[in-house]
Structures are given as structure tokens and as C-alpha cells.
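[1] the sequence and its predicted three-dimensional model are supplied below.
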Amino acid sequence: MLQLRNNFTPNAVPGCGPLIPPLSESSRPLRQQIFERVRAAGTIARVQVAKELGVSPASVTTGVSELIESGLLEEVAAPPRDGEAGRGRPAVALGVRANAYRVAGIKLSDREHTAVIVDFAGNLIANESMTRNPGPMELPQLLVVLAQLLDMVCEKAGITRSDVSALGLGLPGFIDSHTGRVLWSSVLAGRGLVLADVASEYLGLSVRVDNDANLVTLAELWFGAGRGLSDFAVVTIEHGVGMGVVINHRIYRGAQGLGMELGHTKVQLDGALCRCGQRGCLEAYVADYALAREATTALNWVGKDGQSINVLLESLYDHAKAGNTAARSIFRRAGRYLAVGLSNVVNLFDPSLIILSGERMRYDYLYAADTLAEMDNLSIVTGRPRPPIEIHAWGDMLWAQGAAALALSAVTESLLSGARDGAAREVAAQ
């Protein structure tokens, strides 16, 4: 699971400049592939990098030398193997130079905004949060919130905005991550806004924007359960339902950067109204607002003024645990629709692992044994076991850490793709 540690040595770095779209697997330079292997492993020997990449040790040695010279990797003591402690010269491994860069990650949501500062190895330096009233924000208000939250978390980290190399920004909705355009989001009034460019100009640093579910997936890929996997899927259940898919160690976003919208696949023609404006979406039966809507209808509950959806859901969950038949049926219905969605994920992608992530995962009726059994019944019968499912009941801070992983990814690709190679060497010379 995701685990970010406090470990920070200040080292100011100039901004990484314009951020470029992710490269395809085949077009990435060898030094970028080397860096990503080291980053994923934490510490790893040169010979193991060569083995995993299928290249000669000499090629890896050349690439590693460039990365060390650029200040992106460093040699570290390899952990001793059993029975080798104290024998001969200590083994040397490779690790990411943690203090090479610092980046920020911010997650905007309907309930709370969260922010983190992490170093280049992904170690957590500081985090901060800001509560808010639900509903979409106008762009000027959103930019003010971004600046306030960024300054708050920077102050907590003991740095200034100029010390941050890039900002990763996550929000729910339909996001073209390549252009930074927000086609629709529940937290932003208006459509089709190129938020990355506007926020970058307003904040004075490079900003990369992506769908929040992709960011949780990126966090799992960089720091969590997906570090050693080439293919896996993450399904998030929070204020909405999202999905991220990793194929061959890379997040798949689709031709226009808008793929993997599991929450807006249709499970019922002319069904329940989704917050996207269409009907019959999976999200309209599984997300927190869907459960709250069911509770107010089936149980005739009327929310009090100012009462949040969270309070209503907690009450619904308590009633279900206490044996209330109507409350149990609401979770059961949501679980059945979730089984439909998960079986479609299995049938389409055949992932090696499915991670159910998000604070809503503490409501175990959503993934109870009968729900998983129904998922098995709906999946293609091959005679092979279905992929394992892991439950990660993280809160909103994980999403911000995923946004920070987006910024780390952007800095890495900008430096190692060849477009910013000279900048990396300038950093090492400082």
C-alpha cells in the first residue's frame, strides 16, 4: 500500500518548464527506463536493472553514470543479504536522489481540498487540508483557493513557492491530461477550460492536471501495490466512481485522454440521474450521493440544514449494521451494480490485480462476499481464478499524494525525454 515517509533535505531547483505529454513505451530513452526501474524498486543493483530491461550491463552503466551526473540518482548501500553481513566491501545499489526536487500535489473535491509537498523520491514532507462547501466554483475562486492551499502547505514544509518544481492537480470529471483542459468537473463551473495553462500562469509554476482516479492509480504505481506489477486496475468509490488502468507499467488514458470512465458506463437504460447529466451511469447507483438519495427516498429521511452527505451515510451504515432491512437493501443494490462494473473490468482488461480505493471502502457492504460472488458469476468463465482484489480505504490525502506523483512524473519525463537534458545538468552543477 501507499506509504510516504518524512525525509527531506532542502535543495532549491528551478522550474521544470513546459510539461510534455507522456511518451509511449517504445519511444522512451533508455536512461528514462533506467530511472523508472530504480524509482519503482526504491533501491536496486545495476545488474538487476540490466536484467529487468533486457539490455547489456555496459548500457546500464552508461545510463546510470549520466543520471548520477545529472543529480537524479545516487549510489546507496545495498541491504545485506542473509549471511553476508560484515563480509567484504559493502554492496552498492542505486536510489533516487530524494533532495533533487520538490513538488506539490493538490486534490480538489466536493467536500475537502488537500495538498502535499513531497521530495523527488516521493517522501512526504508536509500536508495540509481545507474544508469547503459543496458545489462548483467559478474559475477566479478556484485559482484563489489553489494559491492559498499551496502557500499553506509550502509554509508548513518550510519552503516557498519558488522551491516547488511542479504542481500536480487532480479533480473529478472529464479531463484531457495532455492539454490540461477540464471538459467537465463537479467542482468547477463552466466547461472546456484549459486549467493547466491558467493555473500555471496564476501560480507562477508548471501545472499538470488529471482526473483524480488516474492520480490514485499513479500513486499505487509509484509508491503502492502496483510497484511490481505491469498491469492492474484501480476503481475508486468516493463522491463519484472512477477508474485507472495501468498497461505495461504505464497509465492508459485513451486516444483523447478521456478513457477509463467506468463510473459513466451505462448499467440501466433511462435509469437514475447521474451528476454528469445523463441517466443510468454506474456512478448513479454506487457513489455516495446515490446512496444518500436512496436513503432519503426508501427510508423517508430528510436531511437537516447543513447536514453533509457523510453524516447521512454514516447513519445509513449504522442502521444497516444494526439490522435495518431497508438500509441493508440499499447497500445490497449498490453492491450488485458494483459487481456489474467490476465484472466488466475483468472481461475487458484481465488485470493482474484490482484495487478498490477510497474512503467509501470502509462501507464493507459494497464489497461483501455476495457482491464478489456475483462479480464472479458475471465474469467470463475460463476455469481460471479471477484477479485478486485489494481494499485500500484511504482518505482524501491519498488523492493529493497521487497528484504529487503526477508532478513527479511530469518532472521526470521533462528532464529525461531529451527536451530538458541540459536543464538537468545545470541542476547538478549548482
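    The structure has been received and is ready for your questions. Residues are numbered from 1 along each chain as shown.

[2] in what helix or strand does residue 344 lie?
    helix 325-349 (DSSP states H and E).

[3] may I have the distance across stretch 77-91, first residue to last?
    For stretch 77-91, the first-to-last residue distance is 6 Å (CA to CA, to the nearest Å).

[4] hmm, I typed the wrong one, I wanted stretch 232-246.
    5 Å.

[5] do the same with stretch 360-376
    22 Å.

[6] cool, and stretch 262-269?
    With CA to CA as the measure, the first residue of stretch 262-269 is 16 Å from its last.

[7] what residues sit buried inside that stretch?
    262, 263, 264, 265, 267 (16 or more other CB atoms under 10 Å). Every C-beta, even on glycine, is put in place using the N, C-alpha and C of the backbone.

[8] the protein: helices as residue ranges?
    30-41, 46-53, 57-69, 139-157, 195-203, 212-223, 283-286, 288-298, 309-321, 325-349, 369-378, 396-416, 421-429 (DSSP state H).

[9] residue 100 is nearest to which of those helices?
    Checking the helices of the chain against residue 100 by CB to CB gives helix 421-429 as the closest, at 7.1 Å.

[10] so for that closest one, mean pLDDT?
    The predicted model gives helix 421-429 an average pLDDT of 40.

[11] try stretch 125-138
    90.

[12] flag every buried residue along stretch 285-292.
    285, 286, 287, 288, 289, 290, 291, 292.

[13] just to revisit the earlier point, most packed of the helices of the chain?
    Here the criterion is mean neighbour count by mean count of other CB atoms under 10 Å, and of those the winner is helix 212-223, at a mean of 29.

[14] how far is it from where the chain is centred?
    A distance of 3 Å separates the centroid of the chain from that of helix 212-223, by CA atoms, centre = their mean, to the nearest Å.

[15] list the helices and strands it packs on?
    helix 30-41, strand 102-107, strand 167-171, strand 231-237, strand 241-247, strand 250-252, strand 354-357, helix 396-416 (3 or more CB pairs under 8 Å, 6 or more residues apart in numbering; DSSP states H and E).

[16] tell me which of these lies nearest to residue 277.
    Of the helices and strands packed on helix 212-223, nearest to residue 277 by CB to CB is strand 241-247, at 15.6 Å.

[17] any stretches of the chain with poor pLDDT?
    Applying pLDDT under 70 to the chain flags the ranges 1-28, 80-90, 302-307, 365-367, 393-396, 418-430.

[18] can you give me the offset of the helix holding residue 344 from its chain's centre?
    Distance of helix 325-349 from the chain centroid (CA atoms, centre = their mean) equals 23 Å.

[19] for the buried residues of stretch 262-269, give me a markdown table that also has distance to residue 63.
    Shown next, in a markdown table, are those (distance: CB to CB, whole Å):
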| residue | distance to residue 63 |
| --- | --- |
| 262 | 37 |
| 263 | 40 |
| 264 | 42 |
| 265 | 42 |
| 267 | 47 |
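
[20] nearest to residue 186, of those?
    residue 263 (11.5 Å).

[21] related to what we said a few turns ago, can I get the buried residues of stretch 285-292 in CSV with distance to residue 409?
    Formatted as CSV, those follow (distance: CB to CB, whole Å):
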residue, distance to residue 409
285, 33
286, 29
287, 27
288, 29
289, 31
290, 32
291, 33
292, 35
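
[22] of these, which is the nearest to residue 245?
    Nearest to residue 245 among those: residue 286, at 18.2 Å, using CB to CB.

[23] which residues sit in contact with that closest one?
    237, 241, 263, 334, 337, 338, 341, 366 (CB atoms under 8 Å, 6 or more residues apart in numbering).

[24] picking up where we left off before, same list (the helices and strands packed on helix 212-223) but as TSV, adding distance to residue 323.
    As requested, the helices and strands packed on helix 212-223 are exported to TSV (distance: least, CB to CB, whole Å):
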stretch	distance to residue 323
helix 30-41	46
strand 102-107	36
strand 167-171	38
strand 231-237	24
strand 241-247	27
strand 250-252	42
strand 354-357	25
helix 396-416	31
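
[25] could you point out which of the ones you listed sits nearest residue 318?
    strand 231-237 (19.0 Å).

[26] distance from the chain centre to the closest one, please.
    Centre to centre, stretch against its chain (CA atoms, centre = their mean), the figure for strand 231-237 is 10 Å.

[27] okay, now the sheet partners of it, with direction.
    strand 241-247 (antiparallel), strand 354-357 (parallel) (DSSP bridges).
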